[in-house]
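Trainee: what shape does this take:
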Amino acid sequence: MSANKTAPTAVDPAQFISAVSHPTRRADAEVLLRMMEEVSGEPAVMWGPTIVGFGSYHYKYESGREGDASAIGFSPRAANLALYGLTIAPTAGPLLEKLGKCKRGASCLYVNKLADVDLDVLTRLARDGYRYMTGVVHHSS
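Mentor: Predicted structure coming up:
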């Protein structure tokens, strides 16, 4: 069984964010860093080369594969911001309808820029997602 490619690293998340070349993406990443640290109560940790994560949970699939992943997080990509752990909590559906301009992926949310969304709603999604991933999901494995 292969090891999880997305594991915590020793890279400083603030240094990673300061190196983001797109100015809006970099500024948005700084806002997300502060907001996610506040709602999770956890320091930012780099998971792999591009994901800034907060807290963690343990997963185990029926296949037997298991590992740890960040509870919530984000990645400032060239095309958009990818947000992780915000769509799975039972409260996510109604909040996502109020969020604003975004796209949903299989397990993540894509936002072009924070100006396109309601930051209060995004904060609630992050808080609910963190609580769900570290509470319900973590304890159900």
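Trainee: now the helices for this structure?
Mentor: Using DSSP state H, the helices of the chain run over 13-18, 23-40, 92-99, 119-132, 138-140.
Trainee: of those helices, which approaches Gly85 most closely?
Mentor: Closest approach to Gly85 among those (Cβ to Cβ): helix 119-132, 4.3 Å. Placement of C-beta: from N, CA and C, glycine included.
Trainee: please identify the most buried of the helices of the chain.
Mentor: helix 119-132 (a mean of 20; mean count of other Cβ atoms under 10 Å).
Trainee: skipping adjacent residues, who's closest to Asp128 in space?
Mentor: Ala89 (4.1 Å; Cβ to Cβ, 6 or more residues apart in numbering).
Trainee: neighbours of His22, how many?
Mentor: With neighbours defined by other Cβ atoms under 10 Å, the count for His22 comes to 14.
Trainee: low-confidence stretches in this structure?
Mentor: Scanning the chain for pLDDT under 70 picks out 1-5, 137-141.
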